[in-house]
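Q: got a predicted structure plus its sequence, pasted below:
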Amino acid sequence: MNGDLVVPGQYITPIYKRDGDVISQFIAGPGTVVTDVKSGENSVIKVISSTILGKIHTEATPEEKITKSVVSVLSTKNNSYRSSDTSNDRHNTKSSCLPSEGDIVLVKITRIGQRQANCELLTVESLGNILPDSGVGANGDLAHGSVTAGGGSQALTSHQTIASSQTSGPQAVGMDLGEGFKGIIRSQDVRSTDRDKVKIVDSFRPGDIVRCLIISLGDGQNYYMSTARNDLGVVFAQSMGGAGDVMFPLDWQSMVDRTGVVEQRKVAKPFIE
Amino acid sequence: MSDRRRITAPGNTYFPRVGAENKTSTRPRDSNNTPASFYLTSNIVLNANGSSYLEVDKFIIQAQVFGPRPIKGSYMDRGCVSVECKFLSLIRQNGSDSKSMSGLEHRIASFVETCLVLSILLDKYPKSTIDVFINVLAADDDGIDESKIQRLTAWIVNCTSVAIVDSGIEVKDIVTCGQTLVGDEGTLKVDLQGRGLQALVAIMPMRNDEIVGLWMDGSSKGTTDYSLAMASSIEMAKTVRSNINSYLLQDQ
């Protein structure tokens, strides 16, 4: 079973299996779902089946009397960001790059305010870019033009051009479709000490690339992120609001460029010795 | 004496037969009870999350899946699916000005969406939308009309399902579709268009043949035609499914 290639819908194993006195229980992990399969007239068997094209991966946890194993399906799609040996990494068992709570992401700061910094999510760590088509695709009739007026990443302006969308409902306004995922770093989530004295302007500037932890899916607009950890914070920044040079960290709250300009940031220390 | 001013090609040059007639012979169908043979490939559009390409008889269909991409506005705990279908402008349609989506395109798109929504695990994709774009690149020489739309839709559903699998979006099962014609004279023809009762059935074969899309049109002589057409459409959907399975498994 382990390592076999499966297609979506394919049955992998029933959730309980009995082999003599040994009972094995299987739990549906990522890339799988429990399906009710009819067997005969009235009986139904609960079977774990695959939801993606990929290889089966089982992890057994021997307990008293019964063996419990988590069955998951790992996508066979290549992802150059995925490290080669991450069999225990939970990211390897995720089937999409959609950010979720607890993920480490790289974001770009787009706007700063008194209480929060707004950003756009670029990459989920060890999973890759959030979308292969990030910023390229367009909705509605724009999708069929070779180059659209604004370069292709602008929002859909006419919802009528989408042929059929029963699921989005009236809440999804046309203008809202087809941009990157957005996030917010609130001032109280910037660092874990002196949280009430944090000044956003001394922590981030627009254009900075910041390593963050997703703490909540947030509301309809934004994910909520935190940098309150030593390994989280600014990893790439240019001085003078992007006009200057690349800066390097001096200490945990200042960065310097080659010309000696020192600017305040909440600096990340991504490499732990 | 050769003209030395003229630059001629090296000796082993291959001259492409430009303008030569391209005669591809389509093998005649074994019988009326088997679906037509089809060509299928996937992962052809680089910036799409998933894509597929299908040729069957004179139909050429391409499907692209973008997303999950963000949707803003109020919080949605599950994903949304949108489907757009477009015929290339060279394909003639009845009563279409080709500027906006035609009635046929709308009907195909909404049928495809109905089928897909039931198979995709939307709970896994909060705050996002999955956008499917279908391009019909070629159809019969005399265009598309009501009598051909169901057969085309069947293959569009099959093509789109492969694009969804290619995108890695989680689905309960691959949706496949079968189409049957019960002719005016009562003969059953699988995967053929024409006059009579046409049945289009989309199923999830590994989930107890759950029907996710059903479309019956045309004229019939009795109710038995309906059950007959449905049963053989399901049979075709299963045949297509096993073909798609073997394609997906050998492609890896």
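A: Here it is on my side, so go on.
Q: give me the neighbour count for residue A:102.
A: Residue A:102: 9 surrounding residues under other CB atoms under 10 Å in any protein chain shown. Every residue, glycine included, has its C-beta placed from N, CA and C.
Q: check the gap between it and residue B:76 for me.
A: 20 Å (CB to CB, to the nearest Å).
Q: could you do residue A:45 as well?
A: 34 Å.
Q: which of those two has more neighbours?
A: residue B:76 (21 against 14).
Q: secondary structure class for that one?
A: Assigned with DSSP: H, G, I helix; E, B strand; the rest coil, residue B:76 falls in the coil class.
Q: likewise for residue B:118?
A: Per three-state DSSP, residue B:118 ends up helix.
Q: for residue B:114, same thing?
A: Relying on three-state DSSP, one would call residue B:114 helix.
Q: ok, and the closest non-adjacent residue to it?
A: residue B:213 (5.4 Å; CB to CB, 6 or more residues apart in numbering or on different chains).
Q: tell me how far residue B:246 lies from chain A.
A: Residue B:246 sits 9 Å away from chain A, going by CB to the nearest CB, to the nearest Å.
Q: that residue: how many residues sit nearby?
A: 11.
Q: so which helix or strand takes in it?
A: According to DSSP states H and E, residue B:246 maps onto helix B:223-251.
Q: which SS state does the residue in the stretch 1-150 of chain A that chain B sits nearest to fall under?
A: Residue nearest to chain B within the stretch 1-150 of chain A (CB to the nearest CB): residue A:9, separated by 3.3 Å. Following three-state DSSP, residue A:9 is assigned to coil.
Q: any regions of the chain where pLDDT drops low?
A: Let's take chain A. A:64, A:77-96, A:131-179, A:272-273 (pLDDT under 70).
Q: correction: the question concerned chain B.
A: B:1-9, B:15-32, B:72-73, B:94-100, B:251-252.
Q: ranges for the helices of it?
A: B:103-119, B:146-167, B:223-251 (DSSP state H).
Q: need the residues of the stretch 151-252 of chain B near chain A, please.
A: Residues of the stretch 151-252 of chain B found near chain A (CB under 8 Å from any CB of the partner chain) are B:165-166, B:168-174, B:204-208, B:244-245, B:248-249, B:252.
Q: which of those count as buried?
A: B:165-166, B:168-174, B:204-207, B:244-245, B:248 (16 or more other CB atoms under 10 Å in any protein chain shown).
Q: so who does the residue nearest to residue B:114 touch?
A: The contact partners of residue B:213, by CB atoms under 8 Å, 6 or more residues apart in numbering or on different chains, come to B:111, B:114-115, B:157, B:175, B:177, B:200-202.
Q: the stretch 51-200 of chain B: strands as residue ranges?
A: Ranges of strands in the stretch 51-200 of chain B, per DSSP state E, counting those that start in this stretch, are B:59-70, B:80-87, B:128-138, B:176-183, B:188-190, B:196-204.
Q: for residue B:150, which of the ones you listed is the nearest?
A: strand B:196-204 (4.5 Å; CB to CB).
Q: direction included, what does the closest one pair up with?
A: Strand B:196-204 has its sheet partners listed here by DSSP bridges as strand B:176-183 (antiparallel), strand B:210-218 (antiparallel).
Q: and these as a markdown table, adding distance to residue A:219?
A: Listed next are those as a markdown table, based on distance: least, CB to CB, whole Å:
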| stretch | distance to residue A:219 |
| --- | --- |
| strand B:176-183 | 38 |
| strand B:210-218 | 32 |
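Q: winner for burial among those strands?
A: Of all those, strand B:176-183 has the most neighbours on average by mean count of other CB atoms under 10 Å in any protein chain shown, namely a mean of 27.
Q: figure out how far it is from the centre of its chain.
A: In terms of CA atoms, centre = their mean, to the nearest Å, the centre of strand B:176-183 is found 14 Å from the chain centre.
Q: CA atoms of that strand as CSV?
A: Extracted C-alpha coordinates of strand B:176-183, given in CSV (Å, rounded to 0.1, in the frame of the first residue of the first chain):
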residue,chain,number,x,y,z
THR,B,176,-16.9,11.7,-15.8
CYS,B,177,-19.7,12.1,-18.3
GLY,B,178,-21.4,9.9,-20.8
GLN,B,179,-23.8,10.8,-23.6
THR,B,180,-26.3,8.6,-25.5
LEU,B,181,-28.7,9.2,-28.4
VAL,B,182,-31.8,7.2,-28.8
GLY,B,183,-32.6,7.8,-32.5
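Q: so that strand versus helix B:146-167, what angle?
A: Using axes from the mean of the first three to the mean of the last three CA atoms, to 10 degrees, one finds that strand B:176-183 and helix B:146-167 are set 170 degrees apart in direction.
Q: what residues are up against the residue nearest the centre of chain A?
A: In chain A, the residue lying closest to the centroid (CA atoms, centre = their mean) is residue A:99, at 2.1 Å. Residue A:99 sits next to A:105, A:121, A:124, A:130, A:181, A:214, A:223 when contact means CB under 8 Å, 6+ apart.
Q: which of the residues you listed are close to chain B?
A: residue A:181.
Q: arrange the contacts of residue A:99 in CSV, one row each, with secondary structure and neighbour count as further columns.
A: Converted to CSV, these look like this (DSSP: H, G, I helix; E, B strand; the rest coil; neighbours: other CB atoms under 10 Å in any protein chain shown):
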residue, secondary structure, neighbour count
A:105, strand, 22
A:121, strand, 25
A:124, strand, 23
A:130, coil, 24
A:181, coil, 25
A:214, strand, 21
A:223, strand, 26
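Q: who's in contact with residue 188?
A: You didn't pick a chain, so chain A it is. A:195-196, A:198.
Q: wait, chain B was what I had in mind.
A: B:32-33, B:180-182, B:228-229, B:232.
Q: which strand residues bridge it?
A: residue B:182.
Q: what about it, distance to chain A?
A: For residue B:188, the distance to chain A - CB to the nearest CB - is 27 Å.
Q: same question, residue B:85
A: Distance from residue B:85 to chain A, counting by CB to the nearest CB: 6 Å.
Q: for residue B:237, see how far away that residue is.
A: From residue B:85 over to residue B:237 (counting by CB to CB), the distance is 20 Å.
Q: out of the two, which sits in the busier spot?
A: residue B:85 (29 against 26).
Q: thinking again about what came up before, which one of the strands paired with strand B:196-204 lies nearest to residue A:73?
A: Going by CB to CB, the one of those nearest residue A:73 is strand B:176-183, 20.0 Å.
Q: just want the angle from the closest one to helix B:103-119.
A: 130 degrees.
Q: surely the residue nearest to the centre of chain A forms part of a helix?
A: No: according to three-state DSSP, residue A:99 belongs to no helix; its state is coil.
Q: who's residue A:213 bridged to?
A: Beta bridges link residue A:213 to residue A:104, residue A:226 when assigned by DSSP bridges.
Q: next, count neighbours for it.
A: Neighbours of residue A:213 (other CB under 10 Å): 19.
Q: let me know whether it touches residue A:223 as I believe.
A: No: using CB atoms under 8 Å, residue A:213 is not in contact with residue A:223; the gap is 10.5 Å.
Q: now do the shared contacts for those two.
A: With CB under 8 Å, 6+ apart as the test, residue A:213 and residue A:223 reach no residue in common.
Q: contact partners for residue 193?
A: Using chain A here. Counting by CB under 8 Å, 6+ apart, residue A:193 touches no other residue.
Q: that was the other one, I meant chain B.
A: Contacts of residue B:193 by CB under 8 Å, 6+ apart are B:147-148, B:150-151, B:181.
Q: and those, which are buried?
A: The buried subset of the contacts of residue B:193 - by 16+ other CB under 10 Å - is B:148, B:150-151, B:181.
Q: extract the CA atoms of stretch B:225-245 and return them as CSV.
A: Output in CSV follows, covering the C-alpha atoms of stretch B:225-245 (Å, rounded to 0.1, in the frame of the first residue of the first chain):
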residue,chain,number,x,y,z
ASP,B,225,-36.1,5.4,-23.8
TYR,B,226,-35.1,7.5,-20.8
SER,B,227,-34.0,4.6,-18.6
LEU,B,228,-32.2,3.0,-21.6
ALA,B,229,-30.4,6.2,-22.5
MET,B,230,-29.4,6.9,-18.9
ALA,B,231,-28.1,3.4,-18.3
SER,B,232,-25.9,3.4,-21.4
SER,B,233,-24.7,7.0,-20.6
ILE,B,234,-23.5,5.8,-17.2
GLU,B,235,-21.8,2.9,-18.9
MET,B,236,-20.0,5.3,-21.2
ALA,B,237,-19.0,7.5,-18.2
LYS,B,238,-17.4,4.4,-16.6
THR,B,239,-15.5,3.5,-19.7
VAL,B,240,-14.2,7.1,-20.0
ARG,B,241,-13.3,7.0,-16.3
SER,B,242,-11.2,3.9,-16.6
ASN,B,243,-9.4,5.5,-19.6
ILE,B,244,-8.7,8.6,-17.6
ASN,B,245,-7.5,6.5,-14.7
